[in-house]
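Peer 1: Sequence and computational prediction follow.
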Amino acid sequence: MATETTTPIPKTPKLEGRPPIPAAPTRRNGRWSGYTHLLWARMLELKREPEIIFWVFGFPLLLAFGLGIAFRNKPANTTSVAVVQNAGAIKTLAMLQSSPAHSSIHATVLEREAALKDFHFGKVDLVIEPNPDGSVTYYYDPSRPESVLSRSEIDAAVQAAAGRKDALATSNRISSEPGSRYIDFLIPGLLGMNLMNSGMWGIGFALVEMRQRKLLKRFVATPMRRTDFLLALTSSRLVLMVIEVALLLGFGVLVFHMPVLGSIVSVLLLGTLGAIAFGGIGLLTACRAQKIESVSGLINLVMMPMWIFSGVFFSYQHFPAMAQPFIKALPLTALNDALRATILEGASLPSQSVRLLILALWGGISFILALRWFRWT
Amino acid sequence: MGSPIECTNLRKTYDGKVEAVRGVSLRIEAGECFGLLGPNGAGKTTTIEILEGLLAPTSGDVRIFGHTWADHPRQLREWIGISLQETRLSEKLNVRETIELFASFYSEPRPAADVLRELELTEKSDSWVGKLSGGQKQRLAVATALVGNPRILFLDEPTTGLDPQSRRQLWDIVRAFQQKGGTVLLTTHYMDEAERLCDRLAIVDHGQIIAEGTPPDLIDRLGGHHVVEFEVSGNSNGQGTDAWRALPSVESVRNENGTICLNVREPHLTIPALLEVVNHQGQQLEHLSTRQASLEDVFVNLTGRHLRED
């Protein structure tokens, strides 16, 4: 028996030890036949899964639309104030009306109780109570930025109406160009978050599901190349990535007139790097888990810090300086920063090498570890 | 040319303590349908998965056509087709897409349409896998094994949970594959399946082969081809089985909860003598039946247990 081990196996069908062929084959498959069929099958499955279509494509658009509307329709510099109903109320109202900034002041006269209640619920930013001696008292909350702003605006208006002259002439220029609004900040962040979500679920969850169904085991029982399988899964992610980028950016440009200063090629390259990095992390998350319940928990655990810290909905500059190096090392932070710089500032990819390196390292290290630990059965 | 499947002294220990397979040696010849028959948990699946190259044995040697899994994994995979005990194929792919997908992994697959026709799945070509019945799903699982044009077919419990008609359909498929020169290794805990389908059998219990041979051979080893079963009322409990063992033509006796089972060579000699003994002892015969001995009797004789004890 031992001598047979040393017999090399020739690639041709005429090989020692090969039994007669039961049925004549009619076709020969090429090197990439397995890969193309796996990719095609994956795309068909995704297309036939309405939930995936919604979560990957519909949900981010809805989020962008909802948040875009919410923050766009709020008139930028209108302040709502309540004037307490008493003898001085009319005079105070008249002073506000005569101020040069009266168009940005929305004042209502209310009973004292009602006024304070509205203030507590955030309906008005400031309460003005005229005193019998002609002075006024402000109720404001120093921890609410709009309240602080309102106090200073109203005070300026009241002082001007009372005859105060400006000591220094100043002039203003309005600057709320597209590119610096909240929606412009939001859309690249949503794009980054979406690439993370679909990478983690599309690779991590899908793999564990196939493992649980014993489909992975069935596949490795065939001559399928394992690298082809992983390559096909990654390729399917890249196809989806292109659609995700096109939809979200197209939506931002068409609906909110978002400017895209960087080149589309750069954005797609970033998308590719992001999709592959999160695909690698998804693969690592899924390398051992046997049940979809356990991998769902893991995926959420991995994504949670990035939802909070990586500046999807608001700038991570709000977090303490001590936390900044940690935040900047997260892959989603790197991706979001790079997407924003490219889309909103037109920054070139070479100028963002640190961010690209962070993404590549996360993806590369995860991928190598995942392949080492991965279980097919 | 090596045998299609050959293994020597296979052992598999899980986590250093559970011994699932304890020294299994087999040699399966070309064109043979070989069955591993045994109860659940006997180590059949572990054995077949080691032979399929999906599990590494703790010790022992496996050869497929004389080659080892370590040396030529891809080539060996080209030659074998596998149906696992439980695989849930992608539900959102249709039958043809599933077959085409599996065909794409092999260098020289059979045309998908041929395989579908052979397994009577042509009508279901465009149905999603999720919509198939149990029997159709199992036929599809075997179709994914056959589309690679294999020389060996491995089937792990191919008919568990199927209705009688679907089971017969699968048996026909296995026989057709065998007629074209293919070699089959299957596991089952159905003795009728083993008896009708397999040329040779190994009876497996607690990770070991406890008997091996053709089904008639194994039944022959019981001594008698017939089984006489009866119950008596009266003082039968005290006398044990010795009185029955002494009857003419009886090879072996066992008592199953009061039912006495005799393995008998020639019932026409045993039964009159049996009636006489019963009469003589003043006992009442409750009922009496005779039947052909089966593999179940072989298993019970060897282990004292039934194949399916649940």
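Peer 2: Thanks, I have it.
Peer 1: does whichever residue of the stretch 51-200 of chain A sits closest to chain B sit in a helix or strand, and which one?
Peer 2: Scanning the stretch 51-200 of chain A for the residue nearest chain B gives A:I52, at 10.2 Å (criterion: CB to the nearest CB). (Glycine included, C-beta is placed from N, CA and C.) When elements are defined using DSSP states H and E, A:I52 is found to belong to helix A:50-53.
Peer 1: elements contacting that helix?
Peer 2: Counting contacts by 3 or more CB pairs under 8 Å, 6 or more residues apart in numbering or on different chains; DSSP states H and E, the secondary-structure elements packed against helix A:50-53 are helix A:33-47.
Peer 1: roughly how far out does the helix it packs on sit from the chain middle?
Peer 2: In this view, helix A:33-47 has its centroid 28 Å away from the chain centroid, taken as CA atoms, centre = their mean, to the nearest Å.
Peer 1: Tell me if that helix is near chain B.
Peer 2: Yes - under the criterion of CB under 8 Å from any CB of the partner chain, chain B is reached by helix A:33-47 at A:33-34, A:36-38, A:41, A:44-45.
Peer 1: Show me which of those residues is closest to B:Q208.
Peer 2: Distance ranking of these against B:Q208, using CB to CB, places A:G34 first at 38.9 Å.
Peer 1: burial measure for the closest one, as a count.
Peer 2: Taking other CB atoms under 10 Å in any protein chain shown as the neighbour definition, A:G34 ends up with a count of 26.
Peer 1: I'd like the mean pLDDT over stretch B:9-27, please.
Peer 2: Confidence for stretch B:9-27, expressed as mean pLDDT, is 92.
Peer 1: One more: stretch B:72-79?
Peer 2: With pLDDT averaged residue by residue, stretch B:72-79 scores 93.
Peer 1: Report the buried residues of it.
Peer 2: Along stretch B:72-79, the positions that meet the burial threshold by neighbour count (16 or more other CB atoms under 10 Å in any protein chain shown) are B:72, B:75-79.
Peer 1: check contacts around the residue lying closest to B:H67 once chain neighbours are set aside.
Peer 2: Nearest-residue entry for B:H67: B:L76, 6.2 Å, with adjacent residues in sequence omitted and distances by CB to CB, 6 or more residues apart in numbering or on different chains. Residues touching B:L76, when contacts are defined by CB atoms under 8 Å, 6 or more residues apart in numbering or on different chains, comprise B:53, B:64-65, B:67, B:69.
Peer 1: Over to B:E29?
Peer 2: By CB under 8 Å, 6+ apart, the residues touching B:E29 are B:3-4, B:183.
Peer 1: and if you look at A:F251?
Peer 2: Applying CB under 8 Å, 6+ apart as the definition, the contact partners of A:F251 turn out to be A:61, A:64-65, A:187.
Peer 1: Can you check what pLDDT the model gives it?
Peer 2: On pLDDT, A:F251 comes in at 92.
Peer 1: Equivalent analysis for B:V129, please.
Peer 2: As predicted, B:V129 sits at a pLDDT of 95.
Peer 1: quick one: least confident helix or strand in chain B?
Peer 2: None of the helices or strands of chain B scores lower by mean pLDDT, DSSP states H and E than helix B:236-239, at a mean of 54.
Peer 1: any idea where the strands of the stretch 1-150 of chain A begin and end?
Peer 2: When assigned using DSSP state E, counting those that start in this stretch, the strands of the stretch 1-150 of chain A occupy the ranges A:79-84, A:105-110, A:126-130, A:136-139.
Peer 1: related to what we said a few turns ago, go through the buried residues of stretch B:72-79 and flag which are in helices.
Peer 2: Where the buried residues of stretch B:72-79 overlap with helices, as defined by DSSP state H, the overlap consists of B:75-79.
Peer 1: just curious, which of the contacts of B:E29 is nearest to chain A?
Peer 2: When these are compared for distance to chain A (CB to the nearest CB), B:P4 wins out at 7.0 Å.
Peer 1: dump the residue contacts of the closest residue to that closest one other than its chain neighbours.
Peer 2: Spatially, and ignoring its direct neighbours in sequence, B:P4 is nearest to B:T183 (4.2 Å; CB to CB, 6+ apart). B:T183 makes contacts with A:19, B:4-5, B:28-34, B:151-153, as judged by CB under 8 Å, 6+ apart.
Peer 1: Most neighbours among these, which one is it?
Peer 2: For the contacts of B:T183, the largest neighbour count, defined by other CB under 10 Å, is 26 neighbours, found at B:P4.
Peer 1: where's A:L191 relative to A:P223, distance?
Peer 2: In this structure, A:L191 lies at 39 Å from A:P223, with CB to CB, to the nearest Å as the measure.
Peer 1: Any idea how many residues pack against residue 301?
Peer 2: Assuming you mean chain A. Using other CB under 10 Å: A:L301 sits among 10 other residues.
Peer 1: wrong chain, I was asking about chain B
Peer 2: Once other CB under 10 Å is used to define contacts, B:N301 is seen to have 19 neighbours.
Peer 1: Over to A:L44?
Peer 2: 16.
Peer 1: ok, and the closest non-adjacent residue to B:A211?
Peer 2: Nearest-residue entry for B:A211: B:I203, 4.5 Å, with adjacent residues in sequence omitted and distances by CB to CB, 6+ apart.
Peer 1: Which residues does the helix or strand that contains the one you found contact?
Peer 2: With the criterion set as DSSP H and E, the secondary-structure element containing B:I203 is strand B:200-205. Outside of strand B:200-205, the residues that reach it under the criterion CB under 8 Å, 6+ apart are B:24, B:26, B:28, B:32-39, B:42-44, B:47, B:194, B:209-215, B:218, B:295, B:298-299, B:302-303.
Peer 1: one more time with 6 Å
Peer 2: Applying CB atoms under 6 Å, 6 or more residues apart in numbering or on different chains, the set of residues contacting strand B:200-205 from outside is B:34-38, B:42-44, B:194, B:209-212, B:214, B:303.
Peer 1: For B:R96, which residues are in contact?
Peer 2: With contacts taken as CB under 6 Å, 6+ apart, B:R96 has the following neighbours: B:S125.
Peer 1: helix, strand or coil for it?
Peer 2: Under DSSP: H, G, I helix; E, B strand; the rest coil, the three-state class of B:R96 is helix.
Peer 1: do the same with the one 4 residues further on
Peer 2: In the three-state summary, B:E100 is assigned as helix, counting by three-state DSSP.
Peer 1: Could you report the neighbour count for it?
Peer 2: Here the neighbour count serves as a burial measure; for B:E100 (other CB under 10 Å) it reads 18.
Peer 1: That one touches B:A113, doesn't it?
Peer 2: No - under the contact definition of CB atoms under 6 Å, B:E100 does not touch B:A113, with a separation of 10.1 Å.
Peer 1: What separation is there between the nearest residue to A:V312 once chain neighbours are set aside and B:F154?
Peer 2: Taking CB to CB, 6+ apart, and ignoring the residues beside it in sequence, A:V312 has A:G189 as its nearest neighbour in space, at 4.2 Å. When CB to CB is applied, the distance between A:G189 and B:F154 equals 52 Å.
Peer 1: what do you get for B:T68?
Peer 2: 17 Å.
Peer 1: before we move on, what about A:P320?
Peer 2: 61 Å.
Peer 1: per-residue confidence for the residue of the stretch 251-377 of chain A found nearest chain B?
Peer 2: For the stretch 251-377 of chain A, the residue positioned closest to chain B under CB to the nearest CB is A:T377, at a distance of 6.6 Å. Confidence per residue is given as pLDDT, and for A:T377 that number is 83.
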